[in-house]
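*Asks:* Build the 3D model from these lines:
(4 chains)
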2 protein chains.
Amino acid sequence: MSGRRREAALTLADVAREAGVSEITVSRVIRAKGPIAADTRRRVESAIRKMGYVPNRVAGALASATSDLVGVIIPSLTNIVFPDVLRGVNEVISKHGYRAVVGVTDYREDVESELVGALLAWRPAALIVTGCEHSDETRAMLRGAGITIVEIMDLGGAPIDIQVGMRHEAAGAETAAYLIKRGYRRIGYIGHDLTRDLRARKRYGAFTQTLCEAGAPLAGEIVTPRPSSVEAGRDALAALLALKATRCDAVYFSNDDMAIGGVFHCMARGIRTPSDLAIVGYNGLGMGQCLPQPLTTVGTKRFEIGVAAGQAVVDRLSGRSVAAEIDVGFELITGATA
Amino acid sequence: MSGRRREAALTLADVAREAGVSEITVSRVIRAKGPIAADTRRRVESAIRKMGYVPNRVAGALASATSDLVGVIIPSLTNIVFPDVLRGVNEVISKHGYRAVVGVTDYREDVESELVGALLAWRPAALIVTGCEHSDETRAMLRGAGITIVEIMDLGGAPIDIQVGMRHEAAGAETAAYLIKRGYRRIGYIGHDLTRDLRARKRYGAFTQTLCEAGAPLAGEIVTPRPSSVEAGRDALAALLALKATRCDAVYFSNDDMAIGGVFHCMARGIRTPSDLAIVGYNGLGMGQCLPQPLTTVGTKRFEIGVAAGQAVVDRLSGRSVAAEIDVGFELITGATA
DNA sequence: TTGAAAGCGCTAACAT
DNA sequence: ATGTTAGCGCTTTCAA
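*Replies:* Below you'll find the predicted structure:
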């Protein structure tokens, strides 16, 4: 990191000289703050335009101890879930003049910790982080930052400030209960890396426990180390079905991407859903609902989480009070595949 | 925008006092710059840890006139293409200590212009923008910024500094030539909003022109005002096929999302591909290759564009020279649908 | 309605 | 190996 030293960019002083006023007057015009004579404003504005002056927010932020940056830390950009969330955040905050600074952790706690430090160093107005599990170090930094912190996606743990999300355990349990109710008894699971995706793990845990309690423990499972994708789901279902002993009548996938891969595998092999094999996903992606048979899945509110998180930030920064926990919920979508 | 004034965060001076050294020594330890006695380093580091000091990069950036921020302006987060690109950028720059500040234009020129100003105000080390078409105002700001500017996705126009992308006209023309070669003569087009997505428009233009030159002008088209999606593609194909006069034997979709929607429509209606209707997409998404019949499409290098752009930034900032134009190319993927 | 002075927290440059 | 001085470009505060 270095950033070549730039050749003397224009400063307020340059504009002030050109407009025949003082620096502070130019500053006031730019920030639309304080009383300015109409004529003065015009002179300053034309000088700015003419010279192509771009204010320096680094200096401004230092002097005023305020910032229009909002840090956003997400685990992945591969999983469409997070671009969706980011879109929601951005939609709200950009309307209020804030910008997102994005960090991607790749689901790694050490990277998260490093990113939190790096983003806090820019003294953002607020920080949005994913999940409610953090290392002690991360937690200490977040607590000590003295700014609005929003934890998104998941509810629970020891909230740092504001949480916006849903209960993944409830989603897993409800999915299991649904399959049991529909009469499935040999139920398998296909997932992606659970050691890292803690929310998928929570769903998995509640899912399997609910099955056990119903007297139909998990019949088999494949967990790939790959990130979730349609391809990974397809390959994993092929692998699961190849395990002779398993003989599932239904499979719960860690998310819709994976489940759609499963559906494609069934299509290619002439396996009928749900009569030969039932399939359930998680997320409620539009694409799953476009399949010849709409996917049975759990609809989640990804965009809404982003919006709610962004709104929480904006509200706080405007001095309005914000609920400490915002549960956006989820919804079982009973499609045709289970 | 405001950002509540924070209550006196720790400064270098606090740490210096605690460690019994001067501010500059602490600064040197933090930045790992200049010679520091092992013992001094230990004392300073332990003071930092003990107090939970987080350096202020706003002040640091102002003092040193350097930054670890890289602005990235993309049109959309809905279209998976851009998260892919962003992922590539991030992969490279984060390894070198840079962070991405993201702006989303929603394909609007006025928003782009505003974002360029807002990001340049943070005096980033470099700025990555999408496309090679910009308003005069934007172009002037980019030219005057005096930093590395990378235009991504598309090649052509009047390059500002560095371009990383491919030739969309060539992709459109090659797709048309392929369909003609395969014997299709009643070819339709299904697209999303072309007034905004200039690259899709370029492909469309070259595609239709090539068809004309081959004596098989476009047989029909549907352009939805919606953003591209599987649903939009499915609905648009239904609409196109409902136009009695059209009777297409092949359809070119503006991208794979749309094309996959078309495939789903065919599946649901028992329309066989490619015998009843051939389908071609654009992008080469993994999912399209997972369909029971792999999608015929044009493979693009989204992630690679991000990586190359990130690398160009890093190279420039390290004083290495960088090619002014990097053509990552594309590749016709002859699947089973056309 | 405008301006002068002081200083935000850090780092470059120059001592020592 | 460490410290001193000056100043980055802006905004706050106070004055006129």
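*Asks:* Residue ranges in the stretch 101-250 of chain A under the pLDDT threshold?
*Replies:* Counting by pLDDT under 70, not a single residue of the stretch 101-250 of chain A qualifies.
*Asks:* Indicate the residue of it located nearest to DNA strand D.
*Replies:* Residue nearest to DNA strand D within the stretch 101-250 of chain A: residue A:123 (12.8 Å; CB to the nearest atom of the strand). Using the backbone N, CA and C atoms, a C-beta is placed for each residue, glycine as well.
*Asks:* Tell me the secondary structure at that residue.
*Replies:* Recorded secondary structure, residue A:123: coil (DSSP: H, G, I helix; E, B strand; the rest coil).
*Asks:* go on, residue A:76?
*Replies:* Classification of residue A:76 by three-state DSSP places it in coil.
*Asks:* need the contact list for the closest residue in space to it that isn't next to it in sequence.
*Replies:* Take residue A:76 and drop its neighbours on the chain: the residue closest to it by CB to CB, 6 or more residues apart in numbering or on different chains is residue A:82, 5.5 Å away. Shown in contact with residue A:82 (CB atoms under 8 Å, 6 or more residues apart in numbering or on different chains): A:74, A:75, A:76, A:130, B:83.
*Asks:* now do residue A:325
*Replies:* A:155, A:159, A:162, A:163.
*Asks:* Got phi/psi on it?
*Replies:* The phi/psi pair for residue A:325 (degrees, to the nearest 10) reads phi -140, psi 130.
*Asks:* cool, and residue A:30?
*Replies:* Torsion angles, degrees, to the nearest 10, at residue A:30: phi -60, psi -40.
*Asks:* Farthest pair within the contacts of residue A:82?
*Replies:* A:130 and B:83 (15.1 Å; CB to CB).
*Asks:* re earlier: can you lay out the contacts of residue A:82 as a markdown table showing neighbour count?
*Replies:* Converted to a markdown table, the contacts of residue A:82 look like this (neighbours: other CB atoms under 10 Å in any protein chain shown):
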| residue | neighbour count |
| --- | --- |
| A:74 | 26 |
| A:75 | 24 |
| A:76 | 20 |
| A:130 | 28 |
| B:83 | 27 |
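*Asks:* quick check, nearest of those to DNA strand D?
*Replies:* For the contacts of residue A:82, the nearest to DNA strand D is residue A:74 (30.3 Å; CB to the nearest atom of the strand).
*Asks:* just checking, that closest one touches residue A:85?
*Replies:* Yes. Between residue A:74 and residue A:85 there is a contact under CB atoms under 8 Å: 6.8 Å.
*Asks:* And the next helix or strand past the helix or strand where residue A:312 lies?
*Replies:* Assigned by DSSP states H and E, residue A:312 belongs to helix A:302-317. Downstream of helix A:302-317, the next assigned helix or strand under DSSP H and E is strand A:325-327.
*Asks:* Which elements pack onto the next helix or strand after that next one?
*Replies:* As assigned by DSSP H and E, the chain's next helix or strand after strand A:325-327 is strand A:330-333. Applying 3 or more CB pairs under 8 Å, 6 or more residues apart in numbering or on different chains; DSSP states H and E, one finds that strand A:330-333 contacts helix A:168-181, strand A:297-300.
*Asks:* DNA strand D versus the residue in chain A that DNA strand C sits nearest to, what's the distance?
*Replies:* Across chain A, the shortest distance to DNA strand C (CB to the nearest atom of the strand) belongs to residue A:35, at 2.6 Å. Computed as CB to the nearest atom of the strand, to the nearest Å, the residue A:35 to DNA strand D distance reads 10 Å.
*Asks:* To what extent is that residue buried, counted in neighbours?
*Replies:* 6 (other CB atoms under 10 Å in any protein chain shown).
*Asks:* Can you tell me the element residue A:58 falls in?
*Replies:* Here residue A:58 sits within helix A:57-64, counting by DSSP H and E.
*Asks:* So is that helix next to chain B?
*Replies:* Yes. Helix A:57-64 reaches chain B (CB under 8 Å from any CB of the partner chain) through A:57, A:58, A:59, A:60, A:61, A:62.
*Asks:* Buried residues, that helix. List them.
*Replies:* A:57, A:58, A:59, A:60, A:61, A:62 (16 or more other CB atoms under 10 Å in any protein chain shown).
*Asks:* now do stretch A:119-130
*Replies:* Applying 16+ other CB under 10 Å to stretch A:119-130 flags A:119, A:120, A:121, A:122, A:123, A:124, A:125, A:126, A:127, A:128, A:129, A:130 as buried.
*Asks:* Please see if that stretch touches DNA strand C.
*Replies:* No. Stretch A:119-130 lies out of reach of DNA strand C by CB under 7 Å from any atom of the strand, never closer than 8.5 Å.
*Asks:* check whether that stretch contacts chain B.
*Replies:* Yes. Legend: contact between stretch A:119-130 and chain B by CB under 8 Å from any CB is shown at A:119, A:120, A:121, A:122, A:123, A:124, A:125, A:126.
*Asks:* how far does that stretch sit from the chain's center?
*Replies:* In terms of CA atoms, centre = their mean, to the nearest Å, the centre of stretch A:119-130 is set 15 Å apart from its chain centre.
*Asks:* Same question for stretch A:88-103.
*Replies:* 13 Å.
*Asks:* if we can go back for a sec, same list (the buried residues of helix A:57-64) but as JSON lines, adding distance to residue B:12 and pLDDT.
*Replies:* Output for the buried residues of helix A:57-64, formatted as JSON lines (distance: CB to CB, whole Å; pLDDT from 0 to 100):
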{"residue": "A:57", "distance to residue B:12": "22", "pLDDT": "97"}
{"residue": "A:58", "distance to residue B:12": "17", "pLDDT": "98"}
{"residue": "A:59", "distance to residue B:12": "18", "pLDDT": "98"}
{"residue": "A:60", "distance to residue B:12": "21", "pLDDT": "97"}
{"residue": "A:61", "distance to residue B:12": "17", "pLDDT": "97"}
{"residue": "A:62", "distance to residue B:12": "13", "pLDDT": "97"}
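*Asks:* can you give me the strands in the stretch 101-250 of chain A?
*Replies:* Secondary structure of the stretch 101-250 of chain A (DSSP state E, counting those that start in this stretch): strands at A:126-130, A:148-154, A:162-166, A:187-191, A:220-223, A:250-253.
*Asks:* what comes into contact with stretch A:292-299?
*Replies:* The set of residues external to stretch A:292-299 that reach it, using CB under 8 Å, 6+ apart, is A:171, A:174-175, A:256, A:259-260, A:263, A:273-274, A:278-285, A:288-289, A:330-338, B:264, B:267-268.
*Asks:* Any of the residues you listed buried? List them.
*Replies:* So, by 16+ other CB under 10 Å, the buried ones in these are A:171, A:174-175, A:256, A:259-260, A:263, A:273-274, A:278-285, A:288-289, A:330, A:332-333, A:335, A:337-338, B:264, B:267.
*Asks:* Narrow those residues to those in strands?
*Replies:* A:278, A:279, A:280, A:330, A:332, A:333 (DSSP state E).
*Asks:* Between its first and last residues, how far does stretch A:56-74 reach?
*Replies:* Taking CA to CA, to the nearest Å, the first and last residues of stretch A:56-74 lie 28 Å apart.
*Asks:* so does it get close to DNA strand D?
*Replies:* Yes. Using CB under 7 Å from any atom of the strand, stretch A:56-74 reaches DNA strand D at A:56, A:59, A:60, A:62, A:63, A:64, A:66.
*Asks:* What parts of the stretch 51-200 of chain A come near DNA strand D?
*Replies:* A:55, A:56, A:59, A:60, A:62, A:63, A:64, A:66.
*Asks:* Go again with 6 Å.
*Replies:* Within the stretch 51-200 of chain A, the residues that sit near DNA strand D (CB under 6 Å from any atom of the strand) are A:55, A:56, A:59, A:60, A:62, A:63, A:64.
*Asks:* Show me what from the stretch 201-338 of chain A comes close to chain B.
*Replies:* So the stretch 201-338 of chain A meets chain B at A:229-231, A:234, A:257, A:260-261, A:264, A:267-268, A:286-287, A:289-292, A:316-319 (CB under 8 Å from any CB).
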